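here is my input, please return the structure:
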Amino acid sequence: MKLGRIIELSHPLIPSKEHFKLEVKNFDVTEVLPHVKHSRNVWYILSEVTFCSHVGTHIEFPYHHLKNGLDAYRFPLKKLVGEGVVLNFSHKKANEAITLDELKAYDKNIKTGDIVLIRTDFDRFFYTDHWEDQPYIDPKGIKWLIDKGISCLGTDAPGLEVPGTDYQPNHTILFQNNIPMIESMTNLSSLTKERFIIVILPLPLEGSDASPVRIVAIE
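Residues are numbered from 1 along each chain as shown. This is a model prediction of the structure:
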């Protein structure tokens, strides 16, 4: 079966470069499982990984802001695998709004159930001191996307939240409508098709608000 062109949309997880906690410790298997024997010349290790749920490219679920919201374990995968569409806002600057009218220019491109990706090209700052720089979506635009029936919203920026607020309006209204948000994606500029198949696979972590995630697009 020919899948087509596969594009990686997740940053690699590099402990020394991450902005959130990520630690990887390696042990010889006998340190963890003494009953397991192996020859001295055999490389046989186990890794212990400790990480923040928002490390790297990650997906945030309703439980992030809603006490009774779905977590990483319970959120349905059927909303995370399907047709995707990328909206190009790479001309936007840090702290500049993506307006309702600018989103409406893509009205005919967005279908019910789509996974919508907002391209900003701010992923180029991911490992720098400017990693938190980002444009944002006007809350009226978020409401319009919800009314369009999208299943998930993602971006290559570190977020799309309104700056200077203390109540996370964009996150909250998305989660109230059971729509997760993906932050810090990468390579959206490598997509050559407007529409594609996208596969988002979070770790099924019970009780977790978010999960680092591996995402691929298939053109």
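
helices of this protein, residue ranges please.
Under the criterion DSSP state H, the chain contains helices at 29-32, 100-104, 139-147, 169-176.

so which of these gets nearest residue 116?
For the helices of the chain, proximity to residue 116 was assessed by C-beta to C-beta; helix 139-147 is nearest, at 6.3 Å. Every residue, glycine included, has its C-beta placed from N, CA and C.

pLDDT score for residue 171?
What the model reports as pLDDT for residue 171 is 98.

separation between it and residue 65?
Distance, residue 171 to residue 65, by C-beta to C-beta, to the nearest Å: 6 Å.

those two: who's more crowded?
Between residue 171 and residue 65, residue 171 has the larger neighbour count (other C-beta atoms under 10 Å), namely 23 against 17.

okay but residue 25 is in contact with residue 51, surely?
No - the criterion here is C-beta atoms under 8 Å, and residue 25 misses it with residue 51 at 12.0 Å.

who has more neighbours, these two?
Per other C-beta under 10 Å, whichever of residue 25 and residue 51 has more neighbours is residue 51, with 19 against 11.

isn't the more buried one up against residue 21?
Yes - using C-beta under 8 Å, residue 51 is in contact with residue 21, at 6.0 Å.

re the thing from before, and the helices of the chain as CSV, adding distance to residue 202?
Listed next are the helices of the chain as CSV, based on distance: least, C-beta to C-beta, whole Å:
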stretch, distance to residue 202
helix 29-32, 26
helix 100-104, 26
helix 139-147, 21
helix 169-176, 15
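
out of those, flag the one nearest residue 42.
With C-beta to C-beta as the criterion, residue 42 lies closest to helix 29-32 of the helices of the chain, at 9.4 Å.

brilliant, that's me finished.
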